[in-house]
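> would you be able to build a 3D model of this:
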Amino acid sequence: MPDADAQTSEAEMAGMVDSTGADRTVNNVMRHAYRVLSDEEKDEMQAVKDLGLKFHELLGVIGNSREISLAKTKIEEAVMWAVKHITA
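Predicted structure coming up:
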C-alpha cells in the first residue's frame, strides 16, 4: 500500500488536491481567494460528501430511470450547495 505522500504526489500530478486540505487554493478558477477551513468545517464538509455519496450509490442499486438520474443530479446539487455554505 503506498504511503500518503506518494498518494498526494499522484493526485497533485493529476491536477487534483484534497478538498479538505489547505492546498486546495492552488487550483481555483473562479474563486480567487479561499480561506483555510477549521477542523470542524473540514469534518462537516467530509460528512456532507460522504452522506451524499452513500445516497447516490443507493439510488444506483435500486435501478435506472429518468427519475433516478434526476434524483442523482439533485443529490449532487445539494452536496454542492451545502459545501458552498460551509466554505463561504
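
> how far away is His56 from Val79?
9 Å (CB to CB, to the nearest Å). Yep, even glycine has a C-beta here, placed from its N, CA and C like the rest.

> got it, and Glu40?
Distance from Glu40 to Val79, by CB to CB: 18 Å.

> got it, and Met45?
For Met45 relative to Val79 (CB to CB), the value is 9 Å.

> re earlier: more neighbours: which of Glu40 and Val79?
Val79 (19 against 9; other CB atoms under 10 Å).

> find the helix or strand that the nearest residue to Ala78 once chain neighbours are set aside is a member of.
Distances taken as CB to CB, 6 or more residues apart in numbering place Gly52 nearest to Ala78, at 6.8 Å, with adjacent residues excluded. Using DSSP states H and E, Gly52 sits in helix 39-62.

> for that helix, name the packing helices and strands.
helix 66-87 (3 or more CB pairs under 8 Å, 6 or more residues apart in numbering; DSSP states H and E).

> let me see the mean pLDDT of stretch 76-85.
What stretch 76-85 shows for mean pLDDT is 97.

> with only the CA atoms kept, save it in CSV.
Presented in CSV, the C-alpha positions along stretch 76-85 are these (Å, rounded to 0.1, in the frame of the first residue of the first chain):
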residue,chain,number,x,y,z
GLU,A,76,-25.0,16.3,-6.4
GLU,A,77,-26.5,19.8,-6.4
ALA,A,78,-27.5,19.5,-2.7
VAL,A,79,-24.0,18.5,-1.8
MET,A,80,-22.5,21.3,-3.9
TRP,A,81,-24.7,24.0,-2.2
ALA,A,82,-24.1,22.5,1.3
VAL,A,83,-20.3,22.6,0.7
LYS,A,84,-20.5,26.1,-0.7
HIS,A,85,-22.3,27.1,2.6
